[in-house]
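[1] Kindly generate the corresponding structure for this input.
(chains A and B)
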Protein chains: 2
Amino acid sequence: MTTKLDALINSLEGIEIITDSTQVAKLSQDYHTFSPVLVSKLEGKVGDIVVRPANEAEVLKVAAACAKHRIPVTVRGAGTGNYGQCVPLHGGVILDMTRLQEILWVKPGVARVEAGVKLAALDKRTREIGWEIRMAPSTYRTATIGGFIAGGSGGIGSIQYGLLADRGNILALRVVTVEDEPRAIALRGDDVLKVNHAWGINGIITEVEIPLGPAYPWAEVIVTFDDFMTAAKFGQTIGNADGMIKKLISVFASPISQYFHAVQEYIPEGTHLVFLIISEPSLEFLPALVQQYGGQITYKKSAEEAAKGTHLAEFSWNHTTLLARSVDTDITYLQSLFPSDRSLQVVEQMYNYFGDEVMMHLEFFRVNGVVVPGALQLVRYTTEERLNEIIRYHEEQGVSIANPHTYIIEDGGRKVIDPEQLKFKEIVDPYGLMNPGKSKVLQFQIQN
Amino acid sequence: MTTKLDALINSLEGIEIITDSTQVAKLSQDYHTFSPVLVSKLEGKVGDIVVRPANEAEVLKVAAACAKHRIPVTVRGAGTGNYGQCVPLHGGVILDMTRLQEILWVKPGVARVEAGVKLAALDKRTREIGWEIRMAPSTYRTATIGGFIAGGSGGIGSIQYGLLADRGNILALRVVTVEDEPRAIALRGDDVLKVNHAWGINGIITEVEIPLGPAYPWAEVIVTFDDFMTAAKFGQTIGNADGMIKKLISVFASPISQYFHAVQEYIPEGTHLVFLIISEPSLEFLPALVQQYGGQITYKKSAEEAAKGTHLAEFSWNHTTLLARSVDTDITYLQSLFPSDRSLQVVEQMYNYFGDEVMMHLEFFRVNGVVVPGALQLVRYTTEERLNEIIRYHEEQGVSIANPHTYIIEDGGRKVIDPEQLKFKEIVDPYGLMNPGKSKVLQFQIQN
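    Numbering: from 1, shown residues only, chains lettered A, B, ... in the order given. As a prediction, the model looks like this:
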């Protein structure tokens, strides 16, 4: 490997390369640390070097060199993913895309940017003309748009627009191949799905074109309830209210509030929580609805107030897990979708069955036109066996688990690799160098 | 009556009054003429005079005079309603609100206007700052905002925002009472429902505050299909596509195209039609989806092109009926909502059962978070008996019919008068003078 690596390094003169082993180890990590199962499985997995191209031309050079020398390439954005998708199983090059930071253009409703642009930076720029990114993970401040598309699925905003994979949420991608003579391929429309959420196994995303949503003045509200299921039903009702514009509806069972230090003073002991981000005009309709469900509004910030200080978004989606783990590292999590015809019923069943071992955390979002509760439950981890038992029980009751305790694509949310993604991989990665080892169907063999 | 009227006229010096009987007869009409049943029932119903206040102060004076002289008041906007809601059953004053045309203020996401402002005029103004009204009837060019709220329910835009009555779609109303000393009452939040769609029986709307939606660049598309149900399913799929931003999804069974002269050249003989208004970025995803359903895109206008000339919106909702009736005055219509758990199934059943007697025209919109097909079917009218038979058959199959062939509130869409609206009527109309005779529970008796 060393000879090949040296040759590679020599061929990349002028391109930023990190060889310091501490730095390389650090940049071989992501947030799979949320999963004790993944931690043990991915222990010691590091890349050989990190390459930090500054633009697509440099990406093409790196791709050519990796193809020539048959060196694995693992692409990373900010490394905020949770499935070990940025952790290289077979060493090689860590391709850090964070220097591709140009916002190419922004117009009403659409933006085109380089893949390494941070979501928050893009959002700041689009807001200048009254628009914003449609959806973002809770790691919005640090995550890159390319990483979000390669490794994420949705988040804050999905209550309005569904998930990234839904038709219309990604307009176009530009993808560099890892071939002898790498190309940049333009994908538009449905073709973007060939690469979306493919964990960097089939091309290096260099540019992204996304539709924007209107930058409503977003107010933030905490509503507390004495009863968990009432909180959940309230969340569903807000979700279904077509005239109220929402960006976030999170529901937390009471034990979770112990991890929310920054807003502790707004949470009466033992109450269950709904965190809302809704457009200011919609705020008008909240008090009557809250009263109807017997809740209490304990925290309310106008859009102007919410722009400073604490953001409720940072308690939501997988930041809930992050906050819980910052207090108690024995906590891990699940990702669940309840059967749409009886979703709240099954939520209630799980809530009662597991008690505090699986602390219920719902995020409402749209799936095929319908508002459904997803869950990122906090799990008090004991053993891998027990975790699998918990997952099995959910699945037996019809809950679909996107297992975040595996780095194997097929064992996660989608159960199979999209055949279109595999077909595309054959074209763009003929030597099988991209993020090798992450799929059951893709054997990694360095072909010399 | 004449003495009372003279006294009323004398007390309204300085306020515009129309006494010319031709003019008064004309301003006593609305578009209930779509219904042969209503035409015969409302024949000869006219007001005594028309009063055209220029501002709320004048409205208060008219209200005081009507209360004092116990003269009925029927409020009208542009008279584009279809239920005879502007036709006075007991003469009296026609209160024409179209001179209250001030746009009080517009800011991002919200506007406040006088009730007589035309929807198109408001939209033009809000578009200057990148926003637009959330929903509008197909009479958008002439209808007033006050009339829409008092007599309408939804329309173009409801695919995104649901109906006017849905929480969040009307922020505030200002309503003048008909008492000895009339007041202007401010209603905000859920309280607006006391007056929404109440046909002017309980207060004179003088001001309206509504939330706005982002003014997307709206493209317009016609897709044709060989099979009606495929067209309907395609419409549902577009409706459910959370990442695609829609303003209109209309589906027309093939015979309806004969009434669409202005776009005839884009409609292959015998095809079934889907008319779409979607945001330009979403357009990208249409060809693949159309292909998947075996349709043909025969007409496509960018937002810029669509801004001039023909607007597909003007073929939709009740303009379909208008266009059909301009060719064949024997045509009337229904308003239907299909059972949400098996909507397309029942659509198919009705489509097959009635054939060309009931020509299927679907409008997709959101109801409680879910995209459903409503229908404004075109009916080849023969007799009132047959029309009622058609309605009965639909109802027996679980279709909810908002009967547009009655001027009695209880017999229309809601089956009962909202008790909150009745309670509010007691407060604002103690003498029972407002649009009398339109409800079964409100006996009209001039109380001297």
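[2] Please count neighbours and contacts with C-alpha atoms only from this point.
    Will do.
[3] For the stretch 51-200 of chain A, which residues are neighbours of chain B?
    A:108-110, A:160-163, A:166-169, A:171, A:188-190 (Cα under 8 Å from any Cα of the partner chain).
[4] What's the nearest residue in the stretch 201-350 of chain A when you look at chain B?
    residue A:240 (3.9 Å; Cα to the nearest Cα).
[5] what sits up against stretch A:84-91?
    For stretch A:84-91, contacts defined as Cα atoms under 8 Å, 6 or more residues apart in numbering or on different chains pick out A:28-32, A:38, A:42, A:45-48, A:72-76, A:79, A:94, A:151, A:199-200, A:407, A:435-438.
[6] how far does that stretch stretch from start to finish?
    14 Å (Cα to Cα, to the nearest Å).
[7] likewise stretch A:159-171?
    End-to-end for stretch A:159-171, by Cα to Cα: 19 Å.
[8] Then stretch A:106-118?
    15 Å.
[9] any idea of the mean pLDDT for that stretch?
    Per-residue pLDDT over stretch A:106-118 has a mean of 97.
[10] Name the residues that touch that stretch?
    A:77, A:97-105, A:125-126, A:129-131, A:140-147, A:205-214, B:216, B:281.
[11] Equivalent analysis for stretch A:324-334, please.
    A:34-36, A:256, A:259, A:321, A:375-382, A:401-404.
[12] Show the buried residues in the residues you listed.
    Among the contacts of stretch A:324-334, those scoring as buried are A:34-36, A:256, A:259, A:321, A:375-381, A:401-404 (criterion: 16 or more other Cα atoms under 10 Å in any protein chain shown).
[13] Cross the residues of the stretch 51-200 of chain A next to chain B against helices and list the overlap.
    Residues of those located in helices (DSSP state H): A:160-161.
[14] Name the member of the residues of the stretch 51-200 of chain A next to chain B that has the highest neighbour count.
    residue A:162 (31 neighbours; other Cα atoms under 10 Å in any protein chain shown).
[15] Contacts only, for that residue.
    A:154, A:365-369, B:242-243.
[16] what do you get if the cut-off is 6 Å, keeping everything else the same?
    A:366-367, B:242 (Cα atoms under 6 Å, 6 or more residues apart in numbering or on different chains).
[17] what does residue A:245 give?
    A:278-279.
[18] Just the pLDDT for it.
    In the prediction, the pLDDT value recorded for residue A:245 is 98.
[19] how about residue A:273, what does it touch?
    By Cα under 6 Å, 6+ apart, the neighbours of residue A:273 are A:223-224, A:251-252.
[20] got CSV for these, with neighbour count too?
    Compiled in CSV, the contacts of residue A:273 are given as follows (neighbours: other Cα atoms under 10 Å in any protein chain shown):
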residue, neighbour count
A:223, 26
A:224, 28
A:251, 31
A:252, 27
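[21] Cross-check those against chain B and keep the overlap.
    Applying Cα under 6 Å from any Cα of the partner chain, the subset of those adjacent to chain B is empty.
[22] The closest residue to residue A:16 other than its chain neighbours - how many residues pack around it?
    Leaving out its chain neighbours, the residue that sits closest to residue A:16 by Cα to Cα, 6 or more residues apart in numbering or on different chains is residue A:52, at 5.2 Å. The tally of other residues near residue A:52 (other Cα under 10 Å) stands at 20.
[23] ditto for residue A:74
    28.
[24] Tell me how far it lies from chain B.
    As judged by Cα to the nearest Cα, to the nearest Å, residue A:74 and chain B stand 29 Å apart.
[25] And the contacts of stretch A:106-118, which of them are buried?
    Neighbour-count burial (16+ other Cα under 10 Å) applied to these gives A:77, A:97-103, A:125-126, A:130-131, A:140, A:142-147, A:205-214, B:216, B:281.
[26] so of those residues, which ones are in helices?
    A:125-126, A:145-147, B:281.
[27] Looking at those, which one is closest to residue A:341?
    residue B:281 (31.7 Å; Cα to Cα).
[28] How much space separates the closest one from chain A?
    From residue B:281 to chain A the distance is 6 Å (Cα to the nearest Cα).
[29] Most proximal residue of the stretch 51-200 of chain A with respect to chain B?
    For the stretch 51-200 of chain A, Cα to the nearest Cα, closest residue to chain B: residue A:168, 4.4 Å.
[30] Do I have it right that residue A:120 meets residue A:143?
    No - contact criterion Cα atoms under 6 Å: residue A:120 and residue A:143 do not qualify, at 8.1 Å.
[31] how close does the residue nearest the centre of chain A get to residue B:200?
    In chain A, the centroid-proximal residue (Cα atoms, centre = their mean) is residue A:152; its distance is 3.3 Å. Using Cα to Cα, we find residue A:152 at a distance of 51 Å from residue B:200.
[32] One more: residue A:264?
    Residue A:264 is 49 Å from residue B:200, by Cα to Cα.
[33] Compare those two (neighbour count), which wins?
    residue B:200 (25 against 12).
[34] Phi first, then psi, for the more buried one.
    Residue B:200 adopts backbone torsions of phi 70, psi 30, taken as degrees, to the nearest 10.
[35] Can I get stretch A:227-245 in PDB, CA atoms only?
    C-alpha atoms of stretch A:227-245 as PDB (Å, rounded to 0.1, in the frame of the first residue of the first chain):
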ATOM      1  CA  ASP A 227     -50.200  12.800  29.200                       C
ATOM      2  CA  PHE A 228     -47.900  11.500  26.500                       C
ATOM      3  CA  MET A 229     -50.500  10.300  24.100                       C
ATOM      4  CA  THR A 230     -52.400  13.600  24.300                       C
ATOM      5  CA  ALA A 231     -49.100  15.300  23.300                       C
ATOM      6  CA  ALA A 232     -48.800  12.900  20.400                       C
ATOM      7  CA  LYS A 233     -52.400  13.400  19.200                       C
ATOM      8  CA  PHE A 234     -51.900  17.200  19.400                       C
ATOM      9  CA  GLY A 235     -48.800  16.800  17.200                       C
ATOM     10  CA  GLN A 236     -50.800  14.900  14.700                       C
ATOM     11  CA  THR A 237     -53.600  17.500  14.700                       C
ATOM     12  CA  ILE A 238     -51.100  20.300  14.100                       C
ATOM     13  CA  GLY A 239     -49.500  18.200  11.400                       C
ATOM     14  CA  ASN A 240     -52.900  17.700   9.600                       C
ATOM     15  CA  ALA A 241     -53.900  21.400   9.900                       C
ATOM     16  CA  ASP A 242     -53.400  22.400   6.200                       C
ATOM     17  CA  GLY A 243     -53.700  26.100   6.900                       C
ATOM     18  CA  MET A 244     -51.000  26.200   9.500                       C
ATOM     19  CA  ILE A 245     -47.400  26.300   8.100                       C
END
